[in-house]
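Enquirer: need the 3D shape of this:
(one chain, ligands or ions: 2)
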Amino acid sequence: MRKLARHPAPVDSMVYPRYSGIATFLRLPHIRRPSQLDVAFVGVPFDTSAGYRVGARLAPRTIRYCSSQVRIHHPTLDLTTHERIRIADYGDVRTTPFEIEKTFGWITEEFDRIHAAGCKTIAVGGDHGITYPILRAVAKHHGPLAIVHIDAHTDTFDTQFAHKLTHATTFRRAHEDGLLIPDKVVQMGIRGSLFYPDDLKWSKEHYRIMPAPEIHGRPMDDVVAEMRRIVGDAPVYFTFDIDGMDPAYAPGTGVPEIGGLTSWQVMQIIRGLAGLRLVGADLVEVSPPCDTNDLTSITAAHILFEIAAAFAVSARRGDRGGRATRSRPRAARTSEDAGRGGPSRGSARSRRGEPMSAGRKGGGRAGRR
Ligand code: MN
Ligand code: MN
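Expert: Numbering: from 1, shown residues only. Ligands and ions are numbered 1, 2, ... in the order given. Just a heads-up that it's a prediction; the model follows:
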């Protein structure tokens, strides 16, 4: 398989131990120029729209350091993500802990800028409120989106304490704005006690809900096949609220619910995304202060690795946000892709806004971190 030249490379963990250096997502370089990237990890440290236990504002930092553990090669997909796609840690979006609307505006602006440069995003929250302003930006560039949503909760309330913008109203707002394709939305892992008997009514009327008990009772191949059928060839956004997993695997979250998905079930769902027209993803609701021995952040780090690998597989489609070109198995990326140049293109200009070393031209550069 052909490797693309000048891909940003992570720090070599067999040369520089994983407990050393400044932590970035998956030890990737910190690059703030989206035009140099196919996919960017973006931290969104914000939890002011969370309705119960907070702390998710601390997740991007914590997951960064926990992600140093993760290695670079995917064993079952047999790929090294950063050799397939240009991927890096973009850093964090600007936020303020005191204003939801203003922060959401900043989130939309910044994700708009990233996607306008042809770069897709994997956001690391933050509470689930952040997904709505991200979807505003992603849908602007890719059109209405299919949504694969893992969560204990549907997050489709109209209001919460009379507020329209909270982590439990995300998909209602996105729906009203026409950012979603309603019959291509699947909500997986839904469960738990309700405030009122008709809490799930709206979601059931508009989306395909796969409650956790249904998933537990079906073979995962079957579940994943249905998910892929629902999404079809539409541009798809994957949003993962860590509370979709059982608290045994992910206790560090604001609103834990028992009876959730196992890490293995979640991994099968994410591996099932590989090859779909992925245009964005997020992982939200990890709350380090609610965690036990970093278990949830470590789990989240491994999940990010899985998500990035799915993006790497999908990139084989040669999809530029246009028509899908299904089944081009193992096809190298197109010459058009390769010709777009790596991080060294634009030299001096491109270094601006890169406080840490970006990319690796020689073996030693990465080691500075
Ligand atoms: Mn939830
Ligand atoms: Mn949620």
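
Enquirer: going forward, measure contacts and count neighbours with C-alpha atoms only.
Expert: Will do.

Enquirer: residue ranges with poor pLDDT in this structure?
Expert: 1-5, 317-369 (pLDDT under 70).

Enquirer: who in it is up against ligand 1?
Expert: Residues of the chain lying close to ligand 1 by C-alpha under 5 Å from the ion are Asp151, Ala152, His153.

Enquirer: and the second one, how many neighbours?
Expert: Looking back up the chat, that one is Ala152. Ala152 is flanked by 27 other residues according to other C-alpha atoms under 10 Å.

Enquirer: and it, what does it touch?
Expert: If you count contacts by C-alpha atoms under 8 Å, 6 or more residues apart in numbering, Ala152 has them with Met188, Gly189, Ile190, Arg191, Gly192, Ala212, Asp241, Asp243, Gly244, Met245, Glu257, Gly260.

Enquirer: let's see 7 Å
Expert: Going by C-alpha atoms under 7 Å, 6 or more residues apart in numbering, Ala152 touches Gly189, Ile190, Arg191, Gly192, Asp243, Gly244, Glu257.

Enquirer: longest helix in the chain, please.
Expert: In the chain, taking DSSP state H as the definition, the longest helix is helix 295-314.

Enquirer: what does that one contact?
Expert: So helix 295-314 is contacted by 62-63, 66-67, 70, 81, 84-85, 249-252, 270-271, 273-278, 286, 288 (C-alpha under 7 Å, 6+ apart).

Enquirer: show me where the stretch 51-200 of the chain has helices.
Expert: 59-66, 81-84, 100-116, 131-142, 170-176 (DSSP state H, counting those that start in this stretch).

Enquirer: out of the ones you listed, indicate the one that is most buried.
Expert: Of all the helices of the stretch 51-200 of the chain, helix 59-66 has the most neighbours on average by mean count of other C-alpha atoms under 10 Å, namely a mean of 25.

Enquirer: which strands or helices does that helix pack on?
Expert: Under the contact criterion of 3 or more C-alpha pairs under 7 Å, 6 or more residues apart in numbering; DSSP states H and E, helix 59-66 touches strand 120-125, helix 295-314.

Enquirer: tell me what the first one is packed against?
Expert: Under the contact definition 3+ C-alpha pairs under 7 Å, 6+ apart, strand 120-125 sits against strand 39-44, helix 59-66, strand 278-284.

Enquirer: re earlier: just the buried residues of the contacts of helix 295-314.
Expert: Buried members of those, counted by 16 or more other C-alpha atoms under 10 Å: 62-63, 66-67, 70, 81, 84-85, 249-252, 270-271, 273-278, 286, 288.

Enquirer: who are the packing partners of the longest strand along the chain?
Expert: In the chain, assigned by DSSP state E, the strand with the most residues is strand 180-190. The helices and strands touching strand 180-190, judged by 3+ C-alpha pairs under 7 Å, 6+ apart, are strand 145-150, strand 208-211, helix 212-216, helix 220-231.

Enquirer: quick one: strands adjacent to it?
Expert: Using DSSP bridges, the strands paired with strand 180-190 are strand 145-150 (parallel), strand 208-211 (parallel).

Enquirer: ok now the longest helix of the chain, how far from the chain's centre?
Expert: Counting by C-alpha atoms, centre = their mean, to the nearest Å, helix 295-314 is centred 8 Å from the centre of its parent chain.

Enquirer: and for stretch 273-285?
Expert: Computed by C-alpha atoms, centre = their mean, the chain-centroid distance of stretch 273-285 equals 6 Å.

Enquirer: so how far does that stretch reach from one end to the other?
Expert: 21 Å (C-alpha to C-alpha, to the nearest Å).

Enquirer: spatially nearest residue to the residue positioned nearest the centre of the chain (excluding sequence neighbours)?
Expert: For the chain, the residue nearest the mean C-alpha position is Asp282 (2.6 Å; C-alpha atoms, centre = their mean). Distance criterion C-alpha to C-alpha, 6 or more residues apart in numbering; nearest residue to Asp282, sequence neighbours excluded, is Ala123 at 4.4 Å.

Enquirer: that neighbour and Pro45 touch, don't they?
Expert: No. Using C-alpha atoms under 7 Å, Ala123 is not in contact with Pro45, being 10.1 Å away.

Enquirer: for Asp246, give its distance to Ala234.
Expert: Counting by C-alpha to C-alpha, the gap from Asp246 to Ala234 is 29 Å.

Enquirer: about what we covered before: okay, the strands paired with strand 180-190 in JSON lines with distance to Asp112 next?
Expert: Listed next are the strands paired with strand 180-190 as JSON lines, based on distance: least, C-alpha to C-alpha, whole Å:
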{"stretch": "strand 145-150", "distance to Asp112": "15"}
{"stretch": "strand 208-211", "distance to Asp112": "28"}
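
Enquirer: since we're on Arg6, how many residues are nearby?
Expert: Neighbours of Arg6 (other C-alpha under 10 Å): 17.

Enquirer: and it, how close does it get to Gly43?
Expert: Here the criterion is C-alpha to C-alpha. By it, Arg6 lies 24 Å from Gly43.
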